[in-house]
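**Q** show me how the following folds:
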Amino acid sequence: MKLMKFVLPAGILVAGYLVMKGIEVSAADVEADAPIDTRPTVTVLSLTPETIAVTLSSYGEVSPLESTNLAAQVAGEVESWNPNFVAGGIVRRGDVLFTIEKDAYEAALLLAEANLSSAKAQLIQEEAQAEVARLEAKTMPDARVTDLYLRKPQVMSAQAAVKSAEAQLKIAARDLDNCEVRAPYDALIVSRDISKGDYVTQGMKTAVINNVEFAEVTFPVAGFDRQFVGADIIGSSATLELDAPLKTHITATIHRDTGIIDSTTRMTHFVARIDDPYALNGDKTVVKFGSYGTVVFKGKALENVYRIPQTLITSRKIWTLDEDNNLVAQPVEVIREDGTDFLIRGNFNAKSVVMSLPEYPQEGMPVKVIASNDQLLVSHHVEK
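**A** Modelled structure (predicted):
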């Protein structure tokens with residue numbers, strides 16, 4: 001009995017050990033028989049051709065439509081000036097900016113009026129005398145009736161004197177009006193060079209003003225972007241994004257092409273126009289002259305192009321899969337860079353574009369697809 005107490009446990013242990021070793025050997029045989037898949041894994045995406053409107057952008061400075069060196073058209077002493085006629089002031093079209101002493105010009109106007117009245121009176125007298133001569137000439141031989149006898153030269157001279165007096169009156173009235181110097185447009189006063197009591201002469205510069213009815217931004221378009229500028233660009237809308245801590249967007253219109261390609265940079269220049277930049281006629285953002293900003297506008301629409309991340313294009317080639325899931329490098333035409341993407345065209349397998357490549361991809365390398373187009377889209381939706 002004592003012997004059985006020792007032999008029985010030992011036998012159980014030996015039997016358990018033999019069963020365990022048998023299981024290990026069987027498992028090893030199964031593993032040796034199963035093939036191991038060493039192919040690198042990739043994800044693929046099916047691309048669809050699109051029609052994409054190219055967005056172009058450039059940089060420029062806001063400048064006035066026109067800047068005027070304001071000059072006096074008559075001479076005289078400055079009597080007064082508009083309170084807004086100071087550097088930085090805003091004046092409306094037709095506002096009086098400053099006045100020149102009028103006494104001499106009012107007197108000249110009265111004198112011109114008097115001269116015109118005198119000339120008209122002389123013309124009436126000459127015409128009456130000519131009428132008398134015409135009646136008398138009816139009883140005289142034709143040989144004695146001359147233009148001088150009919151007083152035609154005297155009448156013509158009187159008519160000329162009236163016209164001369166009318167011209168002098170017009171000049172005198174204009175000079176009197178020019179004693180009030182008015183703004184030719186809604187304007188920003190850049191500088192003022194006169195003060196009350198100053199004597200100005202005809203043609204003397206008195207101020208510099210900028211037109212604030214419109215502003216313009218001249219911006220360049222590089223040669224490689226010129227092909228994407230549409231034929232209907234003139235008159236199309238654009239957006240001016242001003243440089244500021246908070247980006248401000250202003251609506252603009254592409255007004256014209258300057259018509260010249262710069263001989264140094266090989267760039268062409270366009271001009272965008274902004275209405276009412278200083279917001280005189282509405283509640284909107286003020287766009288100050290001298291500001292810089294980015295002009296963004298639409299170019300041509302590119303048809304049948306594919307959008308793809310730039311990282312997937314190497315040496316103008318894209319990796320796709322053949323029907324046996326082997327890597328194939330296919331050439332593509334890069335039409336344009338758009339942010340972090342390329343817009344491409346080409347004769348390639350758009351149904352199986354490899355989105356995640358092995359570390360060292362090789363032509364014909366067999367790979368294992370772990371995610372397809374639908375799976376990537378579902379995953380993207382879940383992440384959002």
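
**Q** pLDDT of stretch 340-348, averaged?
**A** Stretch 340-348 carries an average pLDDT of 92.

**Q** I meant stretch 40-58, not that one.
**A** For stretch 40-58, the per-residue pLDDT averages 91.

**Q** tell me where the stretch 251-384 of the chain has helices.
**A** Counting by DSSP state H, counting those that start in this stretch, the stretch 251-384 of the chain has helices at residues 373-383.

**Q** low-confidence ranges in it?
**A** Counting by pLDDT under 70, the ranges of the stretch 251-384 of the chain that qualify are 371-384.

**Q** hmm, 90 instead?
**A** Applying pLDDT under 90 to the stretch 251-384 of the chain picks out residues 282-285, 311-312, 314-315, 324, 337-339, 355-362, 369-384.

**Q** tell me the buried residues in stretch 277-296?
**A** 277-278, 287, 289, 291, 293-295 (16 or more other CB atoms under 10 Å). C-beta coordinates here come from the backbone N, C-alpha and C atoms, glycine included.

**Q** in strands, which of these fall?
**A** Counted as lying in strands by DSSP state E, out of the buried residues of stretch 277-296, are 293-295.

**Q** roughly how far apart are residue 125 and residue 131?
**A** 11 Å (CB to CB, to the nearest Å).

**Q** nope, residue 345 is what I meant
**A** Per CB to CB, residue 345 is found 92 Å from residue 131.

**Q** ok, now residue 295?
**A** For residue 295, the distance to residue 131 - CB to CB - is 74 Å.

**Q** list the contacts of the nearest residue to residue 209 once chain neighbours are set aside.
**A** With sequence-adjacent residues excluded and distances taken as CB to CB, 6 or more residues apart in numbering, residue 209 is closest to residue 187, at 4.1 Å. By CB atoms under 8 Å, 6 or more residues apart in numbering, residue 187 lies in contact with 68, 90-91, 93, 209-212.

**Q** what's the answer for residue 180, then?
**A** 96, 99-100.

**Q** and the residues you listed, which are buried?
**A** Among those, those buried by neighbour count (16+ other CB under 10 Å) are 99-100.

**Q** for the buried residues of stretch 277-296, which one is nearest residue 309?
**A** Nearest to residue 309 among the buried residues of stretch 277-296, counting by CB to CB, is residue 294 at 24.2 Å.

**Q** right, and the closest one touches residue 61 too?
**A** No - if you go by CB atoms under 8 Å, residue 294 and residue 61 don't touch, sitting 11.5 Å apart.

**Q** returning to what we had before: which among the contacts of residue 180 gets closest to residue 260?
**A** residue 96 (40.3 Å).

**Q** pLDDT score assigned to that closest one?
**A** With respect to pLDDT, residue 96 scores 97.

**Q** now the nearest residue to it once chain neighbours are set aside. Its backbone dihedrals?
**A** Nearest residue to residue 96, sequence neighbours excluded (CB to CB, 6+ apart): residue 180, at 4.9 Å. In terms of degrees, to the nearest 10, the main-chain angles of residue 180 are phi -110, psi 110.

**Q** before we move on, back to that, kindly state the pLDDT recorded for the residue nearest to residue 209?
**A** On pLDDT, residue 187 comes in at 97.

**Q** same deal with the one 4 residues further on?
**A** If you check residue 191, the pLDDT there is 96.

**Q** grab the most central residue of this protein for me.
**A** For the chain, the residue whose C-alpha lies nearest the mean C-alpha position (CA atoms, centre = their mean) is residue 272; its distance is 3.8 Å.

**Q** still on that earlier bit, so which of the contacts of residue 187 is the closest to residue 265?
**A** Top of the list for closeness to residue 265, among these and by CB to CB, is residue 210 at 27.4 Å.

**Q** and that closest one, how far is that from residue 172?
**A** Per CB to CB, residue 210 is found 33 Å from residue 172.

**Q** can you check residue 96 too?
**A** Taking CB to CB, one finds residue 96 at 20 Å from residue 172.
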